[in-house]
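Chemist: Give me the fold of what follows.
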Amino acid sequence: MNWIILLLAGLFEVSLTFCLGKARAASGVGFYLWGSGFLASTVLSMTLLAKAVQTLPLGTAYAIWTGIGAVGTVLIGIFVFKEPATPIRLFFLFALIASLIGLKVVSY
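Modeler: Residues are numbered from 1 along each chain as shown. A predicted model of the protein is given here:
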């Protein structure tokens, strides 16, 4: 169950970076709405991470949480914000995903 909580924490990490990207381009009320989404996602992400590390190894949980955030943010950047998907960038993205799977496999 705590792996699912950790996954949700990572998804909220992606959500906060998405809100940050949208707030960057917004102005007026939109800026504050995206900023509120950023703050809410941050609180949820940190709360779920804190819950997950009660039973998961801290180093593994933190690495996977940041990895989910990094992979998700790169994918959001490519698909939503139209950032380049160069072959070398995709290679390192897949290397990061393989590392995250490896950490999960060797965790107890």
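Chemist: for residue 41, what are its contacts?
Modeler: Shown in contact with residue 41 (Cβ atoms under 8 Å, 6 or more residues apart in numbering): 12-13, 15-16, 19. (Each C-beta comes from the backbone N, C-alpha and C, glycine too.)
Chemist: Now flag whichever of these is closest to residue 63.
Modeler: Nearest to residue 63 out of the contacts of residue 41 is residue 13 (Cβ to Cβ; 12.6 Å).
Chemist: Counting neighbours, what do you get for the residue nearest to that closest one when sequence neighbours are not counted?
Modeler: Take residue 13 and drop its neighbours on the chain: the residue closest to it by Cβ to Cβ, 6 or more residues apart in numbering is residue 69, 3.4 Å away. When neighbours are defined as other Cβ atoms under 10 Å, residue 69 has 20 of them.
Chemist: follow-up on the earlier one: and the furthest pair within the contacts of residue 41?
Modeler: By the measure Cβ to Cβ, 13 and 19 form the most distant pair in those, at 11.1 Å.
Chemist: Tell me which of those two has more neighbours.
Modeler: residue 13 (25 against 21).
Chemist: one step back: thought the residue nearest to residue 13 was touching residue 20?
Modeler: No - using Cβ atoms under 8 Å as the test, residue 69 is too far from residue 20 to be in contact (11.5 Å).
Chemist: Once you drop chain neighbours, what's closest to residue 20?
Modeler: Nearest residue to residue 20, sequence neighbours excluded (Cβ to Cβ, 6+ apart): residue 38, at 5.4 Å.
Chemist: wait, I meant residue 42
Modeler: Nearest to residue 42 is residue 16, by Cβ to Cβ, 6+ apart, at 5.0 Å.
Chemist: pLDDT score assigned to that neighbour?
Modeler: You'll see residue 16 listed with a pLDDT of 96.
Chemist: what's stretch 4-24 in contact with?
Modeler: Contacts for stretch 4-24 (Cβ under 8 Å, 6+ apart): 30-31, 34-35, 37-38, 41-42, 44-49, 51-52, 56, 61, 64-69, 72-73, 76-77, 80-81.
Chemist: residue ranges for the helices of the chain, please.
Modeler: For the chain, the helices defined by DSSP state H cover 2-25, 29-52, 58-79, 87-106.
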